[in-house]
Every structure is written in C-alpha cells, then in structure tokens.
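Student: Here is a sequence together with a model predicted from it:
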Amino acid sequence: MRRSVRFFFVPLVLALAFCGAGCVNQRPEGTDVLAAENGAGEYRLVATSRATVEICSRLGLELAGAPALEGLPERYAAVPRTGSPMSPDLESIKLIAPTEVAGPDMLESELAPAYANAGLPATFLNLRTVQGLYDSVAYLGAKYGAREEAEALLAEYGERLAELEAKRNGRTGPRVLILMGMPGAYVACTARSYPGNLVEACGGVNVAADPTEGFVTWNTEDLLLTDPDIILRTAHALPDLVAEMFAREFAENDIWKHFRAVQAGRVYDLDYTVFATSANFRWPEAFDLLEELFYGESGS
C-alpha cells in the first residue's frame, strides 16, 4: 500500500521571456512591486532556503535576511539569519520589515498560513524542476532590476540544455526508482519532486507515480512490483547517516535481493547536494551523471 507524505517540511522548455505567473504561487501583498520591477526604490528581500539564496546571489541581489545555514555565499555573511528553511523565525523576519519573503513552494502549505498570520508578504517559487528554477530567475531578475544577469543565466541554460538534448538523441532511458532518505526512514521521489524531474528530463521512466505529491511512502512489496531497472538513492540531509541506513536496509531486508536492479548491481548512491529537494544550479552535473548511468557502457 502506498501513502502520500509531506517530506519535512515534463519536458524542459526554455523560458526566455520574463514571467511572474507560473513560478510564483503567491504574489506579495502591500509591496511597491512597480518600483521594484523598474529597479527603483528600496527593497528588503528575505530568502528562506539555500536554493533561493543561490538564485539571488547569481543575480547579484542584496538580501535583508537569509536562512541559518552553513556554506551560504560570502556576500551574505553579515546578513541577519532567519531560522531554518522549514521553520523560519517569524519574529526575526518581522523585525526586518521585509518587502518580500521568498522560499520554495514545496513548503507553501505549511508556511503560508504562518506568514499570513504574521502579516508577512510571502512568495513561493517553483523549485521542483529545472524549468521552475529558471522561471524563478526570470521573475526575480525582472522584479529587482537584474534583467541582464537573468538573461545571461537563461541564455547559458538554453545552450547547455540544447547540448544535453542533442547528446540524448531522443533515447528512452530505463525504469528508475528514486529513494530519498533521512536517518531511519526513506521515501520514493515522484515526478513532482526535483530528483524525479531530473530523471524524467534525461529520459528515464520514474516508477513511482503520484498526481499530487512529490514524495510518497511505499512498502517494499509494492516497490518490488514496480520492477525498476535502476535504483537511485539520495539523502535529504545527514548523508553519512543516510548511507549507513540504506546499507543496513538493503542488507537486512530480504526483499531487496529480489529486485532486478539489486541483482544486476544497478543501485547507485547520489550526491545529495546535486540531487536535492530543491532545484539548484548543479543540474548539469546531475544530467551528466544520469546520462552516463542511463546510456553509458554500463547503462541500458
């Protein structure tokens, strides 16, 4: 039996036009949007996730607040911290008096009511796909006077995408099961998740399907019936502990030995910073790896 879960918290088409619709689920209320879109006036933008901060950094935007995470771009070292992506510190954000709080839409159902109750203008970006990442680049670039930077990123995206599609040459990839783990548990990634989008963009067939959820729990008996050619494993966080958890699970749960992918030795552990919960600018690395696994000498 399958059960949909909320995990903590399409072919790619180049979007060369700047658009707010499609990448933003909730436009901010009470913000001087026209001034920001013309690159005029002051703005106080808070980014609440690593992926959102990275977009702002690539666009050269200033931030008034950033999440309490290690390894953020140096330009934001002195920016006030606003808590974790999944549990932002609303009081700290309110002290900043932001004109916009931007974060990933996978957390919208959990965070939108809290932002609304706190009177904070929240925007939720579609970071479930590579296309959504660049739609978000276009939106923020147009709004905050960074059109040239956004156009450069979009052009680079288009060039790399054309190269990768030519390399793929219309081939259909293998049937793939993607597992994302955290210590003590794991979920299957559907096409509505970022890892699932990467697999399908490279021609793989994702065996975990759900029309609404990005992550679902299945028992191993049902997973066996999906008959994947390849099993990919990644982590939400704490990758060393997750690797140990997966090793124990596959060694001690006898049903895994009946999977063709396990029998064929086609189980691969992925870099969780590349195959993450949110789309990021390391997607070309993901494409290169998946194309090798799918179509290389060891692939099908």
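Tutor: Looks like it arrived, so ask away. Residues are numbered from 1 along each chain as shown.

Student: remind me which residues of the stretch 151-300 of the chain are low pLDDT?
Tutor: Within the stretch 151-300 of the chain, the stretches with pLDDT under 70 are 297-300.

Student: For it, just list every one of the strands.
Tutor: With strands called from DSSP state E, counting those that start in this stretch, the stretch 151-300 of the chain shows them at 175-182, 185-189, 205-206, 215-218, 230-235, 267-269.

Student: who's in contact with the last one?
Tutor: I take that to be strand 267-269. Strand 267-269 is contacted by residues 230, 231, 232, 233, 234, 243, 246, 250, 261, 293 when judged by Cβ atoms under 8 Å, 6 or more residues apart in numbering. In this view, the C-beta of every residue, glycine as well, is placed from N, C-alpha and C.

Student: can you do 7 Å?
Tutor: Contacts to strand 267-269, defined as Cβ atoms under 7 Å, 6 or more residues apart in numbering, come from residues 230, 231, 232, 233, 243, 261, 293.

Student: Distance-wise, check the second one relative to residue 62.
Tutor: Put plainly, it is residue 231. Between residue 231 and residue 62 the computed distance is 43 Å (Cβ to Cβ, to the nearest Å).

Student: Please say which of these two ends up with more neighbours.
Tutor: residue 231 (22 against 13; other Cβ atoms under 10 Å).

Student: I'd assumed residue 263 was in contact with that one.
Tutor: No. In terms of Cβ atoms under 7 Å, residue 231 does not count as a neighbour of residue 263; the distance is 11.1 Å.

Student: coming back round to it: for the strands of the stretch 151-300 of the chain, give me CSV that also has distance to residue 281.
Tutor: Output for the strands of the stretch 151-300 of the chain, formatted as CSV (distance: least, Cβ to Cβ, whole Å):
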stretch, distance to residue 281
strand 175-182, 20
strand 185-189, 20
strand 205-206, 23
strand 215-218, 22
strand 230-235, 17
strand 267-269, 22
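
Student: Nearest to residue 132, out of those strands?
Tutor: strand 185-189 (15.5 Å; Cβ to Cβ).

Student: Which strands or helices does that closest one pack on?
Tutor: Contact analysis of strand 185-189 by 3 or more Cβ pairs under 7 Å, 6 or more residues apart in numbering; DSSP states H and E lists strand 175-182, strand 215-218 as its packing neighbours.

Student: For residue 89, which of the strands of the stretch 151-300 of the chain is the nearest?
Tutor: That would be strand 175-182 among those, by Cβ to Cβ, at 22.5 Å.

Student: quick check: angle from the closest one to strand 230-235?
Tutor: 20 degrees (axes from the mean of the first three to the mean of the last three Cα atoms, to 10 degrees).

Student: which strands and helices sit next to strand 175-182?
Tutor: strand 185-189, helix 194-201, strand 205-206, strand 230-235, helix 239-252.

Student: partner strands of that strand, parallel or antiparallel?
Tutor: strand 185-189 (antiparallel), strand 205-206 (parallel), strand 230-235 (parallel) (DSSP bridges).

Student: Count the neighbours of the nearest residue to residue 174 once chain neighbours are set aside for me.
Tutor: In this structure, residue 174 finds its nearest non-sequential neighbour in residue 229, 3.6 Å apart by Cβ to Cβ, 6 or more residues apart in numbering. Using other Cβ under 10 Å, residue 229 has 20 other residues around it.

Student: One more: residue 265?
Tutor: 8.

Student: go on, the one 3 residues further on?
Tutor: Residue 268: 16 surrounding residues under other Cβ under 10 Å.

Student: what's the answer for residue 292, then?
Tutor: 12.

Student: Export the helices and strands packed on strand 175-182 as CSV, with columns for distance to residue 274.
Tutor: Shown next, in CSV, are the helices and strands packed on strand 175-182 (distance: least, Cβ to Cβ, whole Å):
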stretch, distance to residue 274
strand 185-189, 14
helix 194-201, 9
strand 205-206, 17
strand 230-235, 8
helix 239-252, 11
